[in-house]
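[1] got a predicted model here, sequence first, then my questions.
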Amino acid sequence: MSKGISAPSSRFGYSEKEMAQAFERLLRAKKGLPELGGFDAVYSEITCRQGRPDFIALRYKSSRAMRKRLAVPGLIGPAIVQHLRVGSPRTLDYLVQKLEFGRRSIQGALREMVENGCIEQRGDGGYVLATRMNNEKPEIWAFELKLNNPKKAVFQAQQCRAYAERSIIVVPPGQEANYDRFDGTLQRWYIGLSTFDPLTGQFRVVRKGRKARALSPAHQIYTLSQVARAYE
């Protein structure tokens with residue numbers, strides 16, 4: 001029996017929590033996941049605007065970006081993002097009126113987020129969400145682990161696509177056939193499907209899915225701000 005797995009606690013021989021613990025060790029390993037590779041950072045228990053995936057993994061495009069601190073101010077950043085839109089500029093006065101932070105703190109956060117490419121300042125001084133964040137933003141992967149309940153797993157993986165370039169469902173071996181009826185949905189949303197056995201440590205890609213641009217800049221910036229808070 002694999003390290004960390006106690007006596008059988010379900011028909012699979014392990015609980016979802018035990019599966020997650022074993023999977024996290026594999027995610028954090030230098031080689032990472034077979035066929036998918038390694039990651040520069042792994043986080044669990046990150047609350048996003050849509051759901052709370054089992055794991056968020058980041059893959060940086062360059063070592064320079066990896067060394068760079070995620071410049072999305074911990075508490076003020078998410079609050080600012082809640083009030084910004086892509087095509088509707090908000091002024092500093094508007095944000096000061098709406099937020100429970102001082103003017104100077106908001107100005108500093110806005111400046112930091114503009115430099116990081118999360119938001120843009122228009123010629124009239126208004127602020128909007130960036131339609132595309134700069135190239136130093138890490139690629140976000142989201143992993144949803146489920147022993148059963150494929151309908152819920154697919155729904156949660158769809159939610160992850162708001163902020164993640166890659167969304168992967170991970171299930172015990174033998175459960176992948178339960179997702180055949182969701183084939184069209186998985187393909188349309190570019191969702192991957194893999195199996196993982198915590199008793200043996202074996203990981204297998206059933207459908208790789210595809211990297212695709214996250215659907216919501218606001219959700220992506222919020223997720224990175226939550227990661228930055230966890231990093232502090």
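    Alright, I've got the coordinates.

[2] excluding its backbone neighbours, what's nearest Cys160?
    Spatial nearest neighbour of Cys160, chain neighbours left out: Ala142 (3.7 Å); criterion: CB to CB, 6 or more residues apart in numbering. Where C-beta positions appear, they are placed from N, C-alpha and C, glycine not excepted.

[3] show me what that neighbour bridges to in the sheet.
    Ile56, Ser167 (DSSP bridges).

[4] pull the number of nearby residues for it.
    28 (other CB atoms under 10 Å).

[5] also Thr91?
    13.

[6] so who does it touch?
    Gly125, Gly126, Tyr127 (CB atoms under 8 Å, 6 or more residues apart in numbering).

[7] and of the residues you listed, the nearest to Gln107?
    The shortest approach to Gln107 among these belongs to Tyr127, at 10.7 Å (CB to CB).

[8] any idea how many residues pack against the closest one?
    Around Tyr127 there are 21 residues (other CB under 10 Å).

[9] for the one 3 residues further on, same thing?
    By other CB under 10 Å, 19 other residues sit near Ala130.

[10] surely it is in contact with Cys118?
    Yes: here Ala130 lies in contact with Cys118, judged by CB atoms under 8 Å, at a distance of 5.9 Å.

[11] how far away from the center of its chain is stretch 188-204?
    In terms of CA atoms, centre = their mean, to the nearest Å, the centre of stretch 188-204 is set 17 Å apart from its chain centre.

[12] over to stretch 35-51?
    Counting by CA atoms, centre = their mean, stretch 35-51 comes out at 5 Å from the chain centroid.

[13] contacts for that stretch, please.
    20, 24, 27-32, 52-60, 66, 138, 141, 156, 159-160, 162-163, 168, 205, 208, 218-219, 222-223, 226-227, 230-231.

[14] quick one: the helices in the chain, in order.
    With helices called from DSSP state H, the chain shows them at 16-28, 63-67, 76-83, 92-98, 103-115, 150-160, 183-188, 217-231.
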